[in-house]
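>>> have a look at this fold, sequence not included:
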C-alpha cells in the first residue's frame, strides 16, 4: 500500500517507520527540514513542505496514494486546515489525529470518520489496522499473540461460531462480540461507537451478523489467515 504521513513528530515518525518496515511505500512530510533529514533514510521518501499551502499539497502524489494520515499534533489549526484541504482535493481516504475532544468534534463535523487519538493508541497498532483489511484494533499480549477486534465479513453472516470452526480450523478463540450503536455528539452529528453486548463470553451457538465486531484471541499469523479468507 501507499501512504502519505503529514507531520513527523513522535507519533507520525513512528507510524511512518513501522509502515515502511512492513513493506509499504511511505512518503513522510513535515515543515521542519531537520526532522525530514533525520528520517529520510528510514522511510521511502521524505519531503520538507508547508502543507498549509494548497499549492504545495498539489505537488504530492495524492491521487496515487491509498491513505493520507494527518499526524500534525502541535498546531490544531494547521491540522484542521490540512485535513480540510485533503477533503477538498478528494483524497481517497483521509485519517486525522485529534488532540482534544473539541478538536475531535470538529473533525467529525468535517465527516472525518477515522480519527487517531495518540494518548490512547500507539502508532504500531494503527499500522496494523491500516494494512490488514477487516481489523478494527489489536492489543498485543506478546510478540506473537494478540487480542484483536475484527469485523464480521458477509461470508460469516448468519453462521454460528461452531459452524465456522474458529478453534478447529484456525486455532483462534472468539471471546465475545461487539455491536455498533449510534450516538450523537453535541453538534447533533451521529457517530458510531462499538458497544459490548451484555451476553458474557461467546459460545459455540453464538450467531454472527455482518458488521458486528468479533474479539479474537490467537497467534497473529492465524488471525491474519482468518481475516484473509
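Right, received. Where do you want to start? Quantities reported herein were computed from a predicted structural model and do not represent experimental measurements.
>>> mind checking the end-to-end distance for stretch 59-69?
End-to-end distance for stretch 59-69: 16 Å, by C-alpha to C-alpha, to the nearest Å.
>>> with stretch 63-73 instead?
Terminal residues of stretch 63-73 lie 24 Å apart, using C-alpha to C-alpha.
>>> can you point out the buried residues in it?
Along stretch 63-73, these residues count as buried under the neighbour rule (16 or more other C-beta atoms under 10 Å): 65, 67-73. To be clear about C-beta, it is placed using only N, CA and C from the backbone, and glycine gets the same treatment.
>>> minimum pLDDT in the residues you listed, which residue is that?
Within the set of the buried residues of stretch 63-73, pLDDT is lowest for residue 73 (83).
>>> doesn't residue 97 make contact with it?
Yes: the criterion here is C-beta atoms under 8 Å, and residue 73 meets it with residue 97 at 5.6 Å.
>>> between these two, which contacts overlap?
7, 11-12, 79, 118 (C-beta atoms under 8 Å, 6 or more residues apart in numbering).
>>> most neighbours among those, which one?
Using other C-beta atoms under 10 Å as the neighbour criterion, residue 7 leads the shared contacts of residue 73 and residue 97 with 28 neighbours.
>>> and the pLDDT for that one?
Per-residue confidence (pLDDT) for residue 7: 95.
>>> contact partners for it?
Going by C-beta under 8 Å, 6+ apart, residue 7 touches 29-30, 70-73, 79, 97.
>>> tell me which element the residue of the chain most remote from its centre is part of?
Distance to the chain centre peaks in the chain at residue 205, reaching 30.8 Å (criterion: C-alpha atoms, centre = their mean). Residue 205 belongs to no helix or strand when assigned by DSSP states H and E.
>>> go ahead and confirm it touches residue 160.
Yes: using C-beta under 8 Å, residue 205 is in contact with residue 160, at 5.5 Å.
>>> if we can go back for a sec, ok, the residue farthest from the centre of the chain to residue 166 distance?
Applying C-beta to C-beta, to the nearest Å, the value for residue 205 to residue 166 is 13 Å.
>>> then residue 202?
From residue 202 to residue 166 the distance is 9 Å (C-beta to C-beta).
>>> any residues in contact with both of these two?
Counting by C-beta under 8 Å, 6+ apart, the common neighbours of residue 202 and residue 166 are residue 174.
>>> ranking helices and strands of this structure by mean pLDDT, which lands last?
Using mean pLDDT, DSSP states H and E, strand 190-196 stands out as the lowest-scoring helix or strand of the chain, at a mean of 48.
>>> quick one: the helix or strand following that strand to chain centroid distance?
Once the chain leaves strand 190-196, the next helix or strand it forms, by DSSP H and E, is strand 213-219. What separates the centre of strand 213-219 from the centre of its chain is 17 Å, taken as C-alpha atoms, centre = their mean, to the nearest Å.
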